[in-house]
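J.: Please work out how this folds:
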Amino acid sequence: MKLVKRILSIALLALLLLQFWRPEKNTSTENVVFDFEQETRPSKEVATILEKKCYDCHSNNTVYPWYAEVAPISLWIDGHVEEGKEHFNVSDWASWSLKKKDHKMDELVEEVEEGHMPEDSYTWMHGNLTEAEKAKLIAWGEKVRSELNAD
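T.: A predicted model of the protein is given here:
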């Protein structure tokens with residue numbers, strides 16, 4: 001019993017100390033999606049979907065929920081945001097070639113079609129895309145791709 005108490009005490013102390021380690025926040029005061037939305041021209045519905053379900057992990061500005069202040073959840077969220085930006089960061093859109101833009105939009109369509117985006121861990125707290133939202137995102141993504149390939 002003493003060993004269990006000692007282990008629990010050490011774990012509690014570690015959790016307490018972990019609260020003082022804060023990952024850097026992914027926030028910006030600039031309109032980090034302007035170039036992306038200017039060129040891809042999403043409808044209001046699609047723009048709302050992107051804002052609510054995509055931009056937190058795929059732009060340079062994340063709107064953090066209250067529980068993102070609690071370690072180890074803060075570290076877990078930071079990892080998701082960094083990985084999301086690594087794969088597709090709409091804030092970098094203006095610096096990409098047409099080929100890369102087309103590839104990223106192809107990936108967006110594929111990930112939504114296959115149900116990989118948004119990730120399950122995100123949907124637990126924020127809800128999943130409805131079939132209608134998926135259809136709108138896919139149609140918009142394919143339209144953007146056709147416009148990119150027409151240039």
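J.: Of all the residues in the worst-scoring helix or strand of the chain on mean pLDDT, which ones are buried?
T.: The helix or strand of the chain with the poorest confidence is helix 120-126; it has a mean of 75 (mean pLDDT, DSSP states H and E). Of the residues in helix 120-126, Y122 count as buried by neighbour count, 16 or more other Cβ atoms under 10 Å. Any C-beta I mention is one placed from the backbone N, CA and C, and that applies to glycine too.
J.: Who are the packing partners of that helix?
T.: Using 3 or more Cβ pairs under 8 Å, 6 or more residues apart in numbering; DSSP states H and E, the elements in contact with helix 120-126 are helix 44-53.
J.: which other residues reach the next helix or strand after the helix it packs on?
T.: Once the chain leaves helix 44-53, the next helix or strand it forms, by DSSP states H and E, is helix 55-58. Contacts to helix 55-58, defined as Cβ atoms under 8 Å, 6 or more residues apart in numbering, come from residues 33, 61-63, 80-81, 83-85, 87-90, 118, 122.
J.: Output helix 55-58 as CSV, nothing but the C-alphas.
T.: Provided in CSV are the C-alpha atoms of helix 55-58 (Å, rounded to 0.1, in the frame of the first residue of the first chain):
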residue,chain,number,x,y,z
TYR,A,55,-8.3,26.2,-39.5
ASP,A,56,-7.5,25.5,-35.9
CYS,A,57,-5.0,22.8,-36.9
HIS,A,58,-4.3,23.9,-40.5
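J.: how far out from the middle of the chain is that helix?
T.: Distance, stretch centre to chain centre, for helix 55-58: 3 Å (Cα atoms, centre = their mean, to the nearest Å).
J.: per-residue confidence averaged over that helix?
T.: Across helix 55-58, pLDDT averages out at 92.
J.: and the helix or strand just after that helix, what does it pack onto?
T.: Counting by DSSP H and E, the element after helix 55-58 in chain order, helix or strand, is helix 73-87. For helix 73-87, the packing partners by 3+ Cβ pairs under 8 Å, 6+ apart come out as helix 55-58.
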